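> curious how this folds, go ahead:
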Amino acid sequence: MQPYTYLLVNFLTVIICFIASFDKRILFNRFFLTYLKASFVAAVPFIAWDVWFTKIGVWWFDTNYTTGVVILGLPLEEWLFFFCIPFACVFTYYSLDKFFNLNWTNKFSLFLTWLTIVVGLGVALIFHDKIYPFVTGLVAAGTLFYLYYIAKVDWIGKASFAFFVLLPGFFMVNGVLTGTGIDSPIVNYNPEQILNIRMLTIPIEDAVYGYAQFLIVVYLFKRFMPSKYKNI
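Numbering: from 1, shown residues only. Have a look, this model is predicted:
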């Protein structure tokens, strides 16, 4: 089981959502191609970021928990991460939006935007010598600025609420990856390059990283959505 641990994390994250996609009340399977395009475009900068950070030793992987297939310094399972985890996130966002009226959450969009911008830039400025919080703070701030002021999307509050709903899953998945419930972490972090503030075993930067990634994939998913489905 151990060499397949990371692969199993990816599989268990995606399988229930994948099966539920074919439910007649949801029919998310209609958007598989749309999702693949969105996740691929979003994955390009995040994988480049991952490759870079792995190369300079910000984080590294315990290959005892992987199958041993490595591409550009990343385990195959890490590549799959950028498609499996966002799938579950976008599916959850789509389902919540379909079955519940969450428009009230968008009243908080401006507040969430400026909170992220101020905190993100503040962390980047104060901890400019620690590359993970520095880059993550800039990316999160830039993402919210772009979505609210340039793309002018009207769903930041709604997506942020969905991310909050997803937090238990985030703690389970990232918890295992960072060492919860297993002998040693699958993903290890250089303590000199992070804030060393952890939620259980998870560096706090991971939550901000995940939030920015989630918003970008949702944005691209909506952009690539076929016009006949825009109002669904």
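> need the per-residue pLDDT for residue 208.
Looking at residue 208, its pLDDT is 97.
> now for it, how many residues are close by?
Residue 208 has 21 neighbouring residues, counting by other CB atoms under 10 Å. Any C-beta I mention is one placed from the backbone N, CA and C, and that applies to glycine too.
> confirm it sits in a strand?
No: with DSSP: H, G, I helix; E, B strand; the rest coil as the criterion, residue 208 is helix rather than part of a strand.
> does it touch residue 140 like I think?
Yes: contact criterion CB atoms under 8 Å: residue 208 and residue 140 qualify, at 5.0 Å.
> need the residues touching each of these two.
Shared contacts of residue 208 and residue 140 (CB atoms under 8 Å, 6 or more residues apart in numbering): residue 120.
> so, low pLDDT: which residues of the chain?
The chain contains residues with pLDDT under 70 at 1, 230-232.
> go with 80
1, 228-232 (pLDDT under 80).
> all strands for it, in order.
Using DSSP state E, the strands assigned to the chain run over residues 59-61, 70-71, 74-75, 187-189, 198-199, 202-203.
> starting at the chain centroid, how far to the fifth one?
The one in question is strand 198-199. Chain-centre distance of strand 198-199: 17 Å, with CA atoms, centre = their mean, to the nearest Å.
> swap in the fourth one?
For strand 187-189, the gap between its own C-alpha mean and the chain's C-alpha mean amounts to 17 Å (CA atoms, centre = their mean).
> and it, what does it pack against?
Packed against strand 187-189 by the contact rule (3 or more CB pairs under 8 Å, 6 or more residues apart in numbering; DSSP states H and E) you find strand 59-61.
> the strand it packs on pairs with which strands?
With DSSP bridges as the test, strand 59-61 is paired with strand 187-189 (antiparallel).
> can you give me the buried ones in the partner strand?
Neighbour counts using 16 or more other CB atoms under 10 Å place 187, 189 of strand 187-189 among the buried residues.
> and the contacts of that strand?
With contacts defined as CB under 8 Å, 6+ apart, strand 187-189 is touched by 58, 59, 60, 61, 62, 132, 177, 178, 203.
> gap between the nearest residue to the fifth one once chain neighbours are set aside and residue 173?
Think residue 62. Excluding the flanking residues, the one nearest residue 62 by CB to CB, 6 or more residues apart in numbering is residue 186, at 5.4 Å. Relative to residue 173, residue 186 is positioned 11 Å away (CB to CB, to the nearest Å).
> what's the answer for residue 152, then?
For residue 152, the distance to residue 173 equals 32 Å [CB to CB].
> ditto for residue 11
Distance, residue 11 to residue 173, by CB to CB: 11 Å.
> before we move on, what about residue 149?
Counting by CB to CB, the gap from residue 149 to residue 173 is 31 Å.
> those two: which is more packed in?
More neighbours surround residue 173 than the other of residue 149 and residue 173, with 22 against 10 (other CB under 10 Å).
> check contacts around that one.
9, 13, 85.
> counting neighbours, what do you get for the last one?
Residue 85 has 24 neighbouring residues, counting by other CB under 10 Å.
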